[in-house]
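Asks: Just a sequence and a predicted model for now, questions to come.
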Amino acid sequence: MSNFSSQLRASSALIKRLRQNRFPSTYPAAAAAARSFTTTECNRPTIVHKRSLDILHDPLFNKGTAFSMTERDRLDLRGLLPPNVMTSEQQIQRFMADLKRLEVHARDGPADPNALAKWRILNRLHDRNETMYYKVLIDNIEEYAPIVYTPTVGLVCQNYSGLFRRPRGMYFSAEDRGEMMSMVYNWPAEQVDMIVVTDGSRILGLGDLGVHGIGIAVGKLDLYVAAAGINPQRVLPVMIDVGTNNEKLLKDPLYLGLQEHRLDGDEYVEVIDEFMEAVYTRWPNVIVQFEDFQSKWALKLLQRYRNSYRMFNDDVQGTAGVAIAGLLGAVRAQGRPMIDFPKQKIVVAGAGSAGIGVLNTARKTMARMLGNNESAFESARSQFWVVDAKGLITEERENIDPDAQPFARKVNEANRQGLGEGASLVEVVRQVKPDVLLGLSAVGGLFSKEVLEALKESTSTRPAIFAMSNPTNNAECTPDEAFSIVGDNVIFASGSPFRDVDLGNGRVGHCNQGNNMYLFPGIGLGTLLSGSRIVSDGMLQAASECLAAYMTEEEVLNGVIYPSTSRIRDITKEVAAAVVKEAIIEDLAEGYRGVDSRELQRLSQEEIVEYVKNNMWNPDYPTLVYKED
Ligand SMILES: NC(=O)c1ccc[n+]([C@@H]2O[C@H](COP(=O)([O-])OP(=O)(O)OC[C@H]3O[C@@H](n4cnc5c(N)ncnc54)[C@H](O)[C@@H]3O)[C@@H](O)[C@H]2O)c1
Ligand SMILES: O=C(O)C[C@H](O)C(=O)O
Ligand SMILES: [Mg+2]
């Protein structure tokens, strides 16, 4: 038993007795009992008549991270705050550090020097008035998605210790093992539709940010509300804090999470298992989106849970769908039919959870187009050249990651191309002359001048560059670099938003945002409204195909392969409808609320879209009626 849990257990008798203090002081016996715990009049406990979130949301009683563990147990706060208990001095230190940081960022900070300041103002509104917050967000989504979501959300996570004011969501820490099944009941909502959970181990391309990664779950759920119309009262951001391997955070006295190295192996899996069991016990219909788990666990956990729970991994599956839609758009932009996709030579830089997700799905998509059999699947493999931190992956690679193994080039194939194990990205691009260069490496500037110069020799009439790593500084190249070095004709997409490029004479080099935000809200909403117990490959494929088909011929020929963010609510509705339809076709749809599976089966395509639309929450004030308990 850890020191922490033994302290807790020893204090349980005391907790029970202190609970008596809730009696009003007109009860003489209780008042006397209360007095027996106080030494002087001035530290006599304050009587409160609320617990849980009501306490945190009441500025009169809220102590934030300074609630002691015994107080957290007494007031049903366990799990509603990050695990590290702070002193009031530390709280003030964090606040002051944050205040000063704003000045620093205003002088020489990120591209939008006011981004963090805007985030704070929006965040305060979020804390005060949710309906108004989402109205502002929906009505100005193009302007504020980059603030509440990528890229600013990355900066928010990096500075979370200073930005933290009120908790949002739940924290399950390694110290909560054995308690999660009861802790979930500390969350006040009877119904939860969407959970986005992270363990903070790989936040965007920023690495292990530990408990501060909760910001990413909050940002994703903001899009669930704004784009998919999930009711904000039914979303739950979750941080599973199993420690951090970020040495800076481990040494930082102001870090909000557990200051120990990450759990690993069976111990780690047991924590995630316990969390999954707990949330599905309380909310059997919830959908859990896994977000920003390091690749080491992302793929394993997906395989572990995807056949028994309603869950998906956004970085693996959402990203793959968005990338495929973009890759098909790039084929169309060359004036060729989508069915020519299997002829594309694709160099992928990055073989982590996102890269592997894209590779597997792209290969399957090609195989389907080539006849959907074993030999089609085998021949599709040869379209990909995969480069990771150690260079080109071939079968000669020692200790090759099993997930990357299917994409390792045969040695003789590589040699024929003048390449060998570990060849550099620039060599690979020079020799392969690919149609597409796709980056999910988290390395900013990886598509250097040399690499882009090499891409000019592409055999494609219109090469495509996907610099998908986030946030902005981690993009493999900028659209300016792409258009100026490779040429005006290039198709360009990046994970984080950039401005379009002025090519002169009124021509525009379009910068597409190739981000999984175009799919995950629709996948979640479609799964919810279909009532499917799992998120099948077919449902994911339907989502991706819907996004691919959303763009008109004229748009793609102009280099526009993804919709603008201003259309995100519309595309999400369409994607959700495609997911519902596929669930019906696969006989997975069990219905939602008053609509059962038979009724769903009778709906026409238009009626499915209407059904989705009618179930999307809108930011309008409801009429309020008061009733006594
Ligand atoms: N646009 C999107 O929608 C989207 C979605 C998911 C992930 N991403 C981004 O993708 C990036 C990677 O995510 P991940 O989970 O796969 O991370 P990861 O850290 O697991 O994988 C990174 C991969 O890049 C490789 N790499 C590192 N240095 C390299 C180099 N110099 N050349 C070539 N490859 C190199 C690594 O070997 C590894 O295979 C992150 O920046 C993330 O933000 C973007
Ligand atoms: O969060 C994003 O913007 C996309 C993606 O999920 C990522 O991890 O980079
Ligand atoms: Mg992610």
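Replies: All right, it came through fine. Ligands and ions are numbered 1, 2, ... in the order given.
Asks: neighbours around residue 571, how many?
Replies: 23 (other CB atoms under 10 Å). C-beta here means a position set from N, CA and C on the backbone, and glycine is covered the same way.
Asks: Once you drop chain neighbours, what's closest to it?
Replies: Excluding the flanking residues, the one nearest residue 571 by CB to CB, 6 or more residues apart in numbering is residue 563, at 5.2 Å.
Asks: where's that neighbour relative to residue 549, distance?
Replies: Distance of residue 563 to residue 549, given as CB to CB, to the nearest Å: 12 Å.
Asks: So between the two, which is more surrounded?
Replies: Taking other CB under 10 Å, residue 563 and residue 549 do not tie; residue 563 has more neighbours (18 against 14).
Asks: Contact partners for the more buried one?
Replies: By CB atoms under 8 Å, 6 or more residues apart in numbering, residue 563 lies in contact with 518, 550, 551, 570, 571.
Asks: what do you get for residue 157?
Replies: Residue 157 neighbours (CB under 8 Å, 6+ apart): 200, 203, 204, 206, 209, 212, 213, 214, 215, 216.
Asks: name the element it belongs to?
Replies: Element membership for residue 157 (DSSP states H and E) is helix 152-158.
Asks: what about the helix or strand just after that helix, distance to the chain center?
Replies: Using DSSP H and E, the next helix or strand after helix 152-158 towards the C-terminus is helix 160-163. Offset of helix 160-163 from its chain centre (CA atoms, centre = their mean, to the nearest Å): 19 Å.
Asks: cool, and stretch 373-389?
Replies: Stretch 373-389 has its C-alpha centroid displaced from the chain centroid by 28 Å (CA atoms, centre = their mean).
Asks: Near ligand 2, which residues of the stretch 201-350 of the chain are found?
Replies: For the stretch 201-350 of the chain, the contact set with ligand 2 under CB under 6 Å from any ligand atom comprises 204, 292, 314, 315.
Asks: cutoff 5 Å now
Replies: residue 204 (CB under 5 Å from any ligand atom).
Asks: so where's the stretch 201-350 of the chain uncertain?
Replies: The stretch 201-350 of the chain contains no residues with pLDDT under 70.
Asks: and if you look at the chain?
Replies: Residue ranges of the chain with pLDDT under 70: 1-43, 99-111, 624-629.
Asks: Kindly recompute the last result at 50.
Replies: 1-42, 106-110 (pLDDT under 50).
Asks: Would you mind listing what in it touches ligand 2?
Replies: The chain comes close to ligand 2 at residues 150, 204, 470, as judged by CB under 5 Å from any ligand atom.
Asks: Among the contacts of residue 563, which pair sits farthest apart?
Replies: Spatially, the most separated pair among the contacts of residue 563 is 551 and 570, at 12.6 Å (CB to CB).
Asks: So if I had to pick from those two, which one is more boxed in?
Replies: Using other CB under 10 Å as the criterion, residue 551 and residue 570 rank with residue 551 on top: 23 against 13.
Asks: For that one, list the residues it contacts.
Replies: 329, 332, 560, 561, 562, 563.
Asks: distance of residue 293 from residue 437?
Replies: 26 Å.
Asks: In the stretch 51-200 of the chain, what residue lies closest to ligand 2?
Replies: Ranked by CB to the nearest ligand atom, the top residue of the stretch 51-200 of the chain for proximity to ligand 2 is residue 150, at 3.3 Å.
Asks: ok, that residue - how many residues close by?
Replies: The burial count for residue 150: 24, using other CB under 10 Å.
Asks: what about it, is that helix, strand or coil?
Replies: Classification of residue 150 using DSSP: H, G, I helix; E, B strand; the rest coil returns coil.
Asks: Next, the buried residues of stretch 614-623.
Replies: 615, 616, 617, 619 (16 or more other CB atoms under 10 Å).
Asks: can you put those in a markdown table and add secondary structure?
Replies: Below are the buried residues of stretch 614-623 laid out as a markdown table (three-state DSSP):
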| residue | secondary structure |
| --- | --- |
| 615 | coil |
| 616 | coil |
| 617 | coil |
| 619 | coil |
